[in-house]
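1. got a predicted model here, sequence first, then my questions.
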Amino acid sequence: MIRVAMLSFWHVHARDYAQQAVEHPNTEIVAVWDELPDRGQAEATARGVAFYEDLKELLVNPEIDGVIIDTPTNHHREVIIKAARAGKHIFTEKVIAPTLQEANDILKAVAEAGVKLTVSLPRLNAGSTQAIQAVLEQELLGQITLVRTRLSHNGGLPTASNPNGWLPEHFYNEEQCGGGALIDLGCHPMYLTRLLLGMPESVSASYGYVAGRDVEDNAVATLHYANGAIGIVEAGFVNAFSPFVIEVHGTDGSLLYSEQDGKLWLRTSRLAEANEQWMEQKNWPAAKPSAFHQWVAHIQAGTEAVDNIQLATDLTKLMEASNRSAATKQQVRIDALLP
């Protein structure tokens, strides 16, 4: 049994990961620490496990094998490095860190400690992602020229029950979060665009502040590629009805998916039956195991989450470049980021 400690319940998904740890047959939660002691104590009491006010005391406990980290993003470097040096396996919410320099510090500590790290990038494992990749592997679209992905919700809009919206107020804290809609929701379309198109040469981004908070609640990032391809990543906290959408367009065809109807549509000149009309793509490949399940498997097998960590590192590069671009109103080259 892998004994796990929850490190913070700051992130809205922390309880989701705790539930996965409870439900997994090979993991159990045995301890909680939180940068807000009252919140941590309440969570520990509710789960019937030990609460540690001192993170160092928790990390030196040999009875704890791994940690699930949901601290504020600006605490990731400090907390992850401490956990790695204490010999704890690490599952963490995205992003791994807000800057490439911090991410590299984390990865260096993880490699030196020999612990297993996995970053939660859940849409990589979705059935829709597997179905899109299956079509692309058949080269039915020709040369890919554009990928557009969008993920947005209404968490920043006021309602009768939530005058400030349903997102926690600390999600608008620029220091803690490293940004707003793009680094939170936009992470998912960003790593999917990176998956499908690879790494761009440069990024340009524009941020909007509809609700007038310190962080953006409306965002677009454009990824520029040497071969002329373009990636468009959109995210927002201020859209009432905006389903997740992904479009892949090429010289010979297009692929469309939306959670509005949950269907994947293909049109391509490379198939006679799909040349004149859109064809729904059925019989999708199975979804992959969740990132949490993959983390447990890596611990058990002694393997490394190589692809996951590479995509997480690239995600940090793309987010840092986007933030710089929005701040300077200039295109930012990926190779200009500090290593």
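-> That came in fine, so what should we check first? Numbers count the residues shown, from 1 in each chain.
2. pLDDT score assigned to Val306?
-> For Val306, the pLDDT comes out at 98.
3. ok, it to Thr313 distance?
-> From Val306 over to Thr313 the distance is 11 Å, taken as C-beta to C-beta, to the nearest Å. Quick note: C-beta positions are derived from backbone N, CA and C, even for glycine.
4. quick one: which of the two has more around it?
-> Shown here are Val306 and Thr313; by other C-beta atoms under 10 Å, Thr313 has more neighbours (19 against 9).
5. can you tell me the helix or strand for that one?
-> According to DSSP states H and E, Thr313 maps onto helix 306-328.
6. what about dumping the CA coordinates of that helix to PDB?
-> The C-alpha trace of helix 306-328 is given here as PDB (Å, rounded to 0.1, in the frame of the first residue of the first chain):
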ATOM      1  CA  VAL A 306       8.900  10.700 -19.500                       C
ATOM      2  CA  ASP A 307       6.200  12.000 -21.900                       C
ATOM      3  CA  ASN A 308       4.100  13.500 -19.100                       C
ATOM      4  CA  ILE A 309       7.100  15.400 -17.700                       C
ATOM      5  CA  GLN A 310       8.200  16.600 -21.100                       C
ATOM      6  CA  LEU A 311       4.700  17.900 -21.900                       C
ATOM      7  CA  ALA A 312       4.500  19.500 -18.400                       C
ATOM      8  CA  THR A 313       7.900  21.200 -19.000                       C
ATOM      9  CA  ASP A 314       6.800  22.500 -22.400                       C
ATOM     10  CA  LEU A 315       3.500  23.700 -20.900                       C
ATOM     11  CA  THR A 316       5.500  25.900 -18.400                       C
ATOM     12  CA  LYS A 317       7.500  27.300 -21.300                       C
ATOM     13  CA  LEU A 318       4.300  28.200 -23.200                       C
ATOM     14  CA  MET A 319       2.700  29.700 -20.200                       C
ATOM     15  CA  GLU A 320       5.700  31.800 -19.300                       C
ATOM     16  CA  ALA A 321       6.000  33.000 -22.900                       C
ATOM     17  CA  SER A 322       2.300  33.900 -23.000                       C
ATOM     18  CA  ASN A 323       2.500  35.900 -19.800                       C
ATOM     19  CA  ARG A 324       5.600  37.800 -21.100                       C
ATOM     20  CA  SER A 325       3.900  38.400 -24.400                       C
ATOM     21  CA  ALA A 326       0.700  39.800 -22.900                       C
ATOM     22  CA  ALA A 327       2.700  42.000 -20.600                       C
ATOM     23  CA  THR A 328       5.000  43.400 -23.300                       C
END
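7. thanks a lot, see you next time.
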